[in-house]
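sequence? don't have it. structure:
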């Protein structure tokens, strides 16, 4: 049986980014309404959950890769306490004004690597994101994109997946 997955953008989808564009510290964490309930529902339907995020602030020197690894470890623990298993968190540390790369969304390299590593079914997988670059990355990876309104409960947008 092939495995199905939900790829999630981080900022604006899981974490509110109304007040911070770059989020790298614990005290900046505010979760979007009903995010735990929604992710539990997706998990209950057999989806593996992955977070795929651009973190260009690393390249800009605003924070370190270690800052992000610490924050992501905390995120994974918080989700685990809510009975939600995040299979893996991946991120692109590059910024297009500083260097070129293949991993930054709208590129699909991070998604492609996860699909290969976990042997995921493209036909049964989705990318939930709040930007055009998220939807472009999904299309390039051959999975369906689900656009959501930034910082709003994703349920109205994912309800068809939960049927």
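Thanks, I have the structure now. A quick note: this is a predicted structure, and the numbers were derived from the prediction, not measured. Numbering: from 1, shown residues only.

Mind giving me the packing neighbours of the helix ranked longest in the chain?
Using DSSP state H, we find that the single longest helix of the chain is helix 65-81. Judged by 3 or more Cβ pairs under 8 Å, 6 or more residues apart in numbering; DSSP states H and E, the packing partners of helix 65-81 are strand 86-92. C-betas here are computed from N, CA, C, even on glycine.

Quick check: bridge partners of residue 7?
residue 50, residue 127 (DSSP bridges).

wait, what's in contact with it?
By Cβ atoms under 8 Å, 6 or more residues apart in numbering, the residues touching residue 7 are 50-52, 111, 114, 125-128, 138, 143.

wait, which of those residues is closest to residue 64?
Nearest to residue 64 among the contacts of residue 7: residue 51, at 18.6 Å, using Cβ to Cβ.

Identify the residue spatially nearest to that closest one, adjacent ones excluded.
Residue nearest to residue 51 in three dimensions, not counting chain neighbours: residue 89, with 4.3 Å by Cβ to Cβ, 6 or more residues apart in numbering.

shouldn't the one you found be in contact with residue 75?
Yes - with contact defined as Cβ atoms under 8 Å, residue 89 counts as touching residue 75 (7.0 Å).

joint contacts of those two?
Both residue 89 and residue 75 are contacted by 10, 51, under the criterion Cβ under 8 Å, 6+ apart.

quick revisit: measure how buried the residue nearest to residue 51 is and give me the count.
Neighbour count for residue 89, taken as other Cβ atoms under 10 Å: 20.

gap between it and residue 27?
Using Cβ to Cβ, to the nearest Å, residue 89 is found at 19 Å from residue 27.

Same check on residue 110?
Per Cβ to Cβ, residue 110 is found 27 Å from residue 27.
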